[in-house]
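J.: curious how this folds, go ahead:
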Amino acid sequence: MKDQVAVVTGSSRGIGRGVALNLAGEGARVVVNYVNRKDKAEEVVEEIKSLGGESIACQADVSNKEQVDAMMVEAVKTFGRIDVLVNNAGIVVFKEFFDFTEEDWDYTTNTNVKGVFLCSQAAARQMMKTGGGNIVGVASISGEKVTATTQTAYCASKGGYHMLIKCMAV
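T.: Here you go, the predicted model:
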């Protein structure tokens with residue numbers, strides 16, 4: 001990963017944070033993406049820098065095309081290219097089927113499927129300018145089987161995510 005540039009969505013905490021730190025540990029320059037927790041994203045950036053790495057925090061809601069495009073432009077402006085995109089951002093709303101609202105559904109599917117589409121398309125366009133790259137998907141077994149009755153939209157969105165990644169690969 002030496003000198004490669006990685007954009008990791010949802011990397012201010014959890015799995016994304018771990019991925020960002022591991023990539024930086026392997027020599028990648030890392031764009032730490034967050035939506036609301038700038039303080040947490042800055043902590044990850046500072047940890048990467050304290051280890052001798054290069055990193056920036058970039059706010060973007062992955063379900064918003066303008067924000068995603070701006071994040072990819074910022075990555076290229078700062079580091080010159082994008083070599084890796086890790087689609088990690090995802091959310092789950094825990095409610096029984098009949099308690100789900102349209103807003104809950106849209107929030108979940110817009111983040112978990114539309115966000116992957118927008119980020120992948122924007123990153124791939126940048127990658128093509130410099131000879132290609134890699135897009136990694138952090139998925140869930142919930143995309144293949146029901147894991148909880150309170151995860152209707154999550155399971156449906158992760159199923160869509162699985163197929164989206166497969167279609168992109170083809």
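J.: what about the residue nearest to residue 112 when sequence neighbours are not counted, which SS state?
T.: Leaving aside its chain neighbours, residue 112 sits nearest to residue 157 (3.7 Å; criterion: Cβ to Cβ, 6 or more residues apart in numbering). C-betas here are computed from N, CA, C, even on glycine. Secondary structure, DSSP: H, G, I helix; E, B strand; the rest coil: residue 157 is helix.
J.: one more: the one 4 residues further on?
T.: Taking three-state DSSP as the rule, one finds residue 161 in the helix state.
J.: surely it touches residue 109?
T.: No - counting by Cβ atoms under 8 Å, residue 161 sits too far from residue 109 to count as a contact (9.6 Å).
J.: neighbour-wise, which of the two wins?
T.: Taking other Cβ atoms under 10 Å, residue 161 and residue 109 do not tie; residue 161 has more neighbours (24 against 20).
J.: ok, that one to residue 102 distance?
T.: 20 Å (Cβ to Cβ, to the nearest Å).
J.: neighbours of residue 100, how many?
T.: Residue 100: 15 neighbours (other Cβ under 10 Å).
J.: so who does the closest residue to it other than its chain neighbours touch?
T.: Closest residue in space to residue 100, ignoring its immediate chain neighbours: residue 152 at 5.9 Å, by Cβ to Cβ, 6+ apart. Taking Cβ atoms under 8 Å, 6 or more residues apart in numbering, we find residue 152 in contact with 95, 97, 100.
J.: and those as a markdown table, adding secondary structure?
T.: Putting those into a markdown table (three-state DSSP) gives the following:
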| residue | secondary structure |
| --- | --- |
| 95 | strand |
| 97 | helix |
| 100 | coil |
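J.: looking at those, which is nearest residue 145?
T.: residue 97 (16.5 Å; Cβ to Cβ).
J.: just give the nearest non-adjacent residue to that closest one, would you?
T.: Closest residue in space to residue 97, ignoring its immediate chain neighbours: residue 152 at 5.0 Å, by Cβ to Cβ, 6+ apart.
J.: pLDDT score assigned to residue 58?
T.: pLDDT recorded at residue 58 is 98.
J.: typed the wrong thing, it's residue 170
T.: For residue 170, the predicted pLDDT is 88.
J.: what about the chain, any weak spots by pLDDT?
T.: Along the chain, the model assigns pLDDT under 70 to residues 141-144.
J.: in it, which spans are strands?
T.: Shown for the chain, the strands assigned by DSSP state E span residues 5-8, 29-34, 55-59, 84-87, 134-137.
J.: now the first one - C-alpha only, CSV.
T.: Put plainly, it is strand 5-8. Output of strand 5-8 as CSV, limited to C-alpha atoms (Å, rounded to 0.1, in the frame of the first residue of the first chain):
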residue,chain,number,x,y,z
VAL,A,5,-4.3,6.8,-1.7
ALA,A,6,-7.3,5.2,0.0
VAL,A,7,-10.7,6.7,0.7
VAL,A,8,-12.5,4.9,3.5
